[in-house]
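> task: produce atomic coordinates for the following.
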Amino acid sequence: MKQIKEVVDALSGLGQRLRAARLSRDDTMATFGERLGVSEQTVRAMEHGLATVQIGAWLNALWILDALEPLNSVLQPRESLLDRARQAERPRRQRASRRRRT
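I've put the predicted structure just below:
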C-alpha cells in the first residue's frame, strides 16, 4: 500500500486522540476492544495509527466516543463561488397559470 505522509500523520494523530479518549474513560484496551467488537491487538493498532484497521472499527469507536457526527460533512458536495453567482443570476421560475389560453 502506498504511504502518503499526510495520511500517516493524520492516522497517527487520530490514534493518539483515541488513546487519550479511552484513557479518560478509564477503559483498558481489552474493555474498549470488547465494546468495539474487536481484539485488543486491533485497539493497539488503531492507537498506533496503522492503516490496516478497517474503517468500520474506526466508525464504531467514534460512535462509542460520541464523535461520529462530524463525519456527516465529509465528502459533502461543495458549491463554488461561481456556482453561487450563476444561481443568483438565474431568473426565478414563476408558476404557470392554470388557465388554458384559447
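
> and the residue nearest the centre of the protein?
Leu71 (2.8 Å; Cα atoms, centre = their mean).

> pLDDT at the closest residue to that residue other than its chain neighbours, what is it?
In this structure, Leu71 finds its nearest non-sequential neighbour in Leu62, 7.0 Å apart by Cβ to Cβ, 6 or more residues apart in numbering. In this view, the C-beta of every residue, glycine as well, is placed from N, C-alpha and C. Note for Leu62: predicted pLDDT of 96.

> the one helix or strand in the chain whose mean pLDDT sits lowest: how far from the chain's middle?
Lowest mean confidence among the helices and strands of the chain (mean pLDDT, DSSP states H and E): helix 81-89, at a mean of 78. Relative to its parent chain, helix 81-89 has a centroid offset of 28 Å by Cα atoms, centre = their mean, to the nearest Å.

> likewise for stretch 15-27?
18 Å.

> for that stretch, buried residues please.
Neighbour-count burial for stretch 15-27, with 16 or more other Cβ atoms under 10 Å as criterion, is recorded at 15, 18-19, 21-22, 27.
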